[in-house]
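Engineer: Here is my input; please provide its structure:
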Amino acid sequence: MVRLSFELDPFRSSRGTPLTGLDINNRDEQEKLCRSYVESRGGNYVGTYDEPDTSAWKKKRVKQPDGTTVYRVIRPVFEGSLKDLKNGSPVSGHFTPLDGIDPHTAVNGLIVYDVDRLTRDNRHLEDAIEVVQYFHRPILDIRGSLDLLTDNGRQAARHIVAVHNGASAATSRRLKDSHASRAVRGIPVGGNRPFGWADDKRTIIEEEAEQIRQAAKHPGGHWTGHHRWEVERAREAHHQRQPMASPDAKSHAAVSAYGRVARL
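Structural biologist: Numbers count the residues shown, from 1 in each chain. Predicted coordinates:
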């Protein structure tokens, strides 16, 4: 699997400008390294499972068919890759073959750049172990730290994933505390500008701010006799909605290579 930790800005022109780290497409680098690893050992690198903008740690609330609620890490591409390995061929719809490779080619193994590109969740690790142990499909990393073929290797993987999981939890806690402290002090953070504020997130746009003041006077759902959806529609008509950032270029998305960003 191949997953980027930072992506080349497609709108940036580097002509006449010294290259920086932002000019490196990490996704392509991971794919190249994984492919080189496989082919140097006589294997066939046939395609890629791309998993952009997906956390391997953060859990989401999921409602069960019986009405109960659980919290799980949601990763359709990862789960699809394991399904394909069990089947021996791509059936999940998440596999992208290399040029000239049959989309229904055999998929006999999975390679990742590093352990934390595979997962930071112990439930998902156990799913991967099941594929290796009972379906005899190897899942490897190019660093040599992921060994799910032996008892000792599987035990080590459980410890490594637990450590990465704890690191993500600690990072999340620090970020939450930092954002809360900034909010108390009026220090803006990243992201799109809030409605009513200029791009510097410190200067008030009076026209938009007045709309917020008026809306705050009618929290019950009406604003001078109008429903909220009518107000929203009016804002859209006057192009006064909060501006959105330019959409990121879609990452293109490998044996299959599978990658994931080392992120929360």
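Engineer: Quick check: residue 154 is in a helix.
Structural biologist: Yes: counting by DSSP: H, G, I helix; E, B strand; the rest coil, residue 154 is located in a helix.
Engineer: contacting residues around it?
Structural biologist: Applying C-beta atoms under 8 Å, 6 or more residues apart in numbering to residue 154 gives the contacts 129, 133, 147-148. C-beta here means a position set from N, CA and C on the backbone, and glycine is covered the same way.
Engineer: 7 Å instead, please
Structural biologist: Residues in contact with residue 154 (C-beta atoms under 7 Å, 6 or more residues apart in numbering) are 129, 148.
Engineer: Can you check what pLDDT the model gives it?
Structural biologist: If you check residue 154, the pLDDT there is 95.
Engineer: any idea how far the nearest residue to residue 77 once chain neighbours are set aside is from residue 196?
Structural biologist: Once flanking residues are discounted, residue 77 sits nearest to residue 51: 4.1 Å by C-beta to C-beta, 6 or more residues apart in numbering. Distance of residue 51 to residue 196, computed by C-beta to C-beta, to the nearest Å: 36 Å.
Engineer: So for those two, which residue has more residues nearby?
Structural biologist: Per other C-beta atoms under 10 Å, whichever of residue 51 and residue 196 has more neighbours is residue 51, with 26 against 16.
Engineer: before we move on, back to that, separation between the residue nearest to residue 77 and residue 212?
Structural biologist: Residue 51 is 38 Å from residue 212, by C-beta to C-beta.
Engineer: For residue 142, see how far away residue 101 is.
Structural biologist: Separation of residue 101 from residue 142 (C-beta to C-beta): 21 Å.
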